[in-house]
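[1] I would like the atomic coordinates for the input below:
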Amino acid sequence: MLNSATLSRVLEAQQNEITEYHIYHKLAAKIKCPENAKVLEQISQDELRHYNIWKEHSGQEVKPKRFKIWFFYILARTFGLNFSIKLMERGEEAAQVNYDDLAEHIPVATQISQEEDAHEASLLEMINEERFHYVGAIIRGLNEAVVEMTAIIAGLSLVLIETRFIALAGVITGFAMSLSLGATEYLATKAEGLEGSRLKPVIAGLYTGFATLLTVALLISPYFIIEQTYTALGVMLAIALVIIFFFNYYIAVARNISFWGRFGEMCLIAITIASFTFLISWLATNVWGIKLH
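    Have a look, this model is predicted:
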């Protein structure tokens with residue numbers, strides 16, 4: 001007979017297993033790669049078996065977390081299988097601590113914990129989605145857009161009076177930047193192909209160009225809405241920090257690397273360069289007497 005504290009942890013583990021069964025089963029039915037689908041379906045069946053083991057000890061039926069199922073399903077469809085599964089695996093790592101504690105009362109918990117480790121190994125081995133191979137191209141486009149456009153717009157905000165002129169300059173600069181960076185990535189990937197890289201130059205160029213264009217659009221959007229220049233500048237800087245935060249979080253999860261180090265470094269670079277351009281604009285306006293009306 002389980003005490004109330006142990007029963008509560010068993011029911012929690014049981015609910016996690018049935019929830020993850022539905023997640024893996026749903027993903028297996030939607031992904032295109034047959035080999036990946038087969039592995040995901042096998043893991044889903046293992047999760048269902050784990051659920052039934054916990055059910056034998058709890059003597060209760062437990063409903064899955066519907067929000068979590070749809071959350072990870074939508075996440076996988078939007079940001080890729082690699083990111084969503086690794087994010088979910090982080091949750092399973094925390095759950096395994098619970099399994100280790102339960103093993104003192106329920107020995108089979110050790111077996112379940114070992115199988116969860118095997119799940120992670122299988123997943124990391126099987127994931128091979130195209131978009132993840134082009135993360136480097138996306139990084140280059142986003143980094144260039146955030147750092148350069150933040151600096152350019154910050155500088156223009158002191159020289160130009162009206163936000164609509166700043167927005168216009170941002171549109172022209174951003175569009176040219178996206179085409180230029182996309183072309184550069186195309187040529188670089190094509191050159192790497194001669195050395196054995198399997199990436200497609202056109203796709204790499206499109207990823208870089210699209211990442212740049214999307215980032216630029218987000219950064220200049222406040223200048224289309226807000227008439228007060230410095231208010232628009234503040235909102236633009238906030239948007240830049242949000243973009244840096246979420247993108248670095250994506251990379252940290254997908255590549256299993258430190259988040260805060262990368263986030264802090266990129267923020268420091270963007271803010272430092274923007275400060276220098278703002279200083280140059282201040283000198284142009286207040287020392288050299290250059291002001292555009």
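
[2] So Leu142 is in contact with Val216, correct?
    No: counting by Cβ atoms under 8 Å, Leu142 stays clear of Val216, with 10.2 Å between them. (Glycine included, C-beta is placed from N, CA and C.)

[3] out of these two, which sits in the more crowded spot?
    Val216 (25 against 21; other Cβ atoms under 10 Å).

[4] just the CA coordinates of the helix or strand the more buried one falls within, formatted as CSV?
    Assigned by DSSP states H and E, Val216 belongs to helix 201-220. The C-alpha trace of helix 201-220 is given here as CSV (Å, rounded to 0.1, in the frame of the first residue of the first chain):
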residue,chain,number,x,y,z
PRO,A,201,23.2,27.1,-51.9
VAL,A,202,19.8,28.4,-53.0
ILE,A,203,18.0,27.2,-49.9
ALA,A,204,20.7,28.5,-47.6
GLY,A,205,20.5,31.9,-49.3
LEU,A,206,16.7,32.0,-49.0
TYR,A,207,16.9,31.1,-45.3
THR,A,208,19.4,33.9,-44.6
GLY,A,209,17.5,36.5,-46.7
PHE,A,210,14.2,35.6,-45.1
ALA,A,211,15.6,35.7,-41.6
THR,A,212,17.1,39.1,-42.3
LEU,A,213,13.9,40.5,-43.9
LEU,A,214,11.7,39.3,-41.1
THR,A,215,14.0,40.7,-38.4
VAL,A,216,14.2,44.1,-40.2
ALA,A,217,10.4,44.2,-40.5
LEU,A,218,10.0,43.7,-36.8
LEU,A,219,12.6,46.3,-35.9
ILE,A,220,11.3,49.1,-38.0
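
[5] Quick check: buried residues in it?
    For helix 201-220, a neighbour-count test (16 or more other Cβ atoms under 10 Å) marks 201, 203-209, 211-220 as buried.

[6] same deal with stretch 37-54?
    Buried residues in stretch 37-54 (16+ other Cβ under 10 Å): 37, 39-40, 43-44, 46-48, 50-51, 53-54.

[7] Flag whichever of these scores worst on pLDDT.
    Least confident by pLDDT among those: that is Val39, with 82.

[8] I'd like the distance between it and Trp282.
    58 Å (Cβ to Cβ, to the nearest Å).

[9] Same check on Arg164?
    Distance of Arg164 to Trp282, given as Cβ to Cβ: 22 Å.

[10] what's Ser44 in contact with, if anything?
    The contact partners of Ser44, taken as Cβ atoms under 8 Å, 6 or more residues apart in numbering, are 20-25, 28.

[11] Among these, which ones are in strands?
    If you go by DSSP state E, the contacts of Ser44 have nothing in strands.

[12] Among those, which one sits closest to Ser84?
    Nearest to Ser84, judged by Cβ to Cβ, of the contacts of Ser44 is Ile23 at 8.7 Å.

[13] Wait, that closest one touches Arg66, no?
    No: counting by Cβ under 8 Å, Ile23 stays clear of Arg66, with 10.8 Å between them.

[14] Look at these two and report which has more neighbours.
    Using other Cβ under 10 Å as the criterion, Ile23 and Arg66 rank with Ile23 on top: 26 against 10.

[15] Nearest spatial neighbour of the more buried one, chain-adjacent residues omitted?
    Residue nearest to Ile23 in three dimensions, not counting chain neighbours: Phe72, with 5.0 Å by Cβ to Cβ, 6 or more residues apart in numbering.

[16] residues contacting that neighbour?
    Here Phe72 is in contact with 23, 27, 84, 87-88 (criterion: Cβ under 8 Å, 6+ apart).
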